[in-house]
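Q: After the sequence you'll find the predicted model.
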Amino acid sequence: MRPTTLIRAIPITPAEFSPGERTDWNRSEVHPGAAIHRAILALVWLTFALSSIVFTEPAPVDALLAGLSVLLPVAGLVAVTPALASYIALWAVAGACGLLAATISRDVAASTVFTSISLYLYVASSMLAGFVARDRP
């Protein structure tokens, strides 16, 4: 199954494109050779390198992963395949059920914190799966 992105590039002929011009079709994706692309990949590497270091809660990796959860899709480095869409839908159902269950808990504050952490992990795992599924030619 071929992965697809949420935003697709519109192919144009070379005569319609001048090299210094930014058009709507290339704003959704970072060019692989660009410095920002290398910086994002370095941030991904740093996040995984620091993932084994946890002295406090929240760990530094949590802040990095939350930032990557926003940065990678914005940079166009996440591919959403039909299988990943199903994965996201299942976690959305689990998150909704968790929020519903938190409302009838004896300790609503603790349940809300637990559910919020679970939602963060659902989003982070979906983003990382989409990043791994990204097929760069």
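A: Here it is on my side, so go on.
Q: Following the chain onward from the helix or strand hosting A39, which element is next?
A: Using DSSP states H and E, A39 maps to helix 35-50. Following helix 35-50 in sequence order, the next helix or strand is helix 60-75 (DSSP H and E).
Q: From the contact counts, what lies against that following helix?
A: helix 35-50, helix 108-133 (3 or more CB pairs under 8 Å, 6 or more residues apart in numbering; DSSP states H and E). (Glycine included, C-beta is placed from N, CA and C.)
Q: Buried ones in the host helix or strand of L100, by neighbour count?
A: Using DSSP H and E, L100 falls within helix 82-103. Neighbour counts over helix 82-103 (16 or more other CB atoms under 10 Å) mark L84, Y87, I88, W91, G95, G98, A102 as buried.
Q: I117 is in contact with the fifth one, correct?
A: In other words, G95. No. G95 is beyond contact range of I117, at 11.1 Å (criterion: CB atoms under 8 Å).
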